[in-house]
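Chemist: Sequence plus the predicted model coming up.
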Amino acid sequence: MENISRIHSVRTGTAEPCPLCSQGFWTGDDSGKWLDQQTNHMLEAHGCRLLHVGQETSEGADGLWQLTVAVLGVPRDEDAEPDEDDSTPQIH
């Protein structure tokens with residue numbers, strides 16, 4: 001994981017701004033489009049590396065939910081908050 005300062009995950013079912021520049025994203029009914037927008041933004045605008053795309057299960061008040069998750073590596077030069085110990089990427 002050379003040149004990666006931390007790990008950031010993006011998932012369907014959440015509406016958070018970009019952790020690097022605070023840009024907001026479309027938050028309509030189709031959270032899959034939001035996932036696409038934030039993932040593409042982080043890849044194109046910030047040079048993040050796509051490390052994994054997969055599925056996770058979350059339990060809510062109305063049962064189990066299947067979510068899609070994208071795991072991205074944030075490059076050291078894009079990270080607004082560098083880690084004290086640069087040797088180990090941090091998960092956010």
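Modeler: Nice, I can see it.

Chemist: and residue 23, that's in a strand?
Modeler: No - read with DSSP: H, G, I helix; E, B strand; the rest coil, residue 23 is coil and lies in no strand.

Chemist: Now it, what are its backbone angles?
Modeler: Backbone torsions of residue 23, given as degrees, to the nearest 10, read phi -60, psi 130.

Chemist: Enumerate every residue touching the nearest residue to it once chain neighbours are set aside.
Modeler: Among residues not flanking residue 23 along the chain, residue 17 sits closest, at 6.0 Å (Cβ to Cβ, 6 or more residues apart in numbering). Every residue, glycine included, has its C-beta placed from N, CA and C. By Cβ atoms under 8 Å, 6 or more residues apart in numbering, residue 17 lies in contact with 23-25.

Chemist: Which stretches in the chain count as helices?
Modeler: 31-46 (DSSP state H).

Chemist: on that earlier part again, same list (the contacts of residue 17) but as TSV, adding pLDDT.
Modeler: Formatted as TSV, these follow (pLDDT from 0 to 100):
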residue	pLDDT
23	90
24	85
25	78
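
Chemist: So which of the residues you listed is surrounded by the most neighbours?
Modeler: residue 25 (18 neighbours; other Cβ atoms under 10 Å).

Chemist: That residue against residue 15, yeah?
Modeler: Yes - when contacts are counted by Cβ atoms under 8 Å, residue 25 is listed as touching residue 15 (7.2 Å).

Chemist: where do the contact lists of those two overlap?
Modeler: Residues touching both residue 25 and residue 15 (Cβ under 8 Å, 6+ apart) are residue 34.

Chemist: returning to that earlier point: show the backbone phi and psi for the residue nearest to residue 23.
Modeler: According to degrees, to the nearest 10, residue 17 has phi -70, psi 170.
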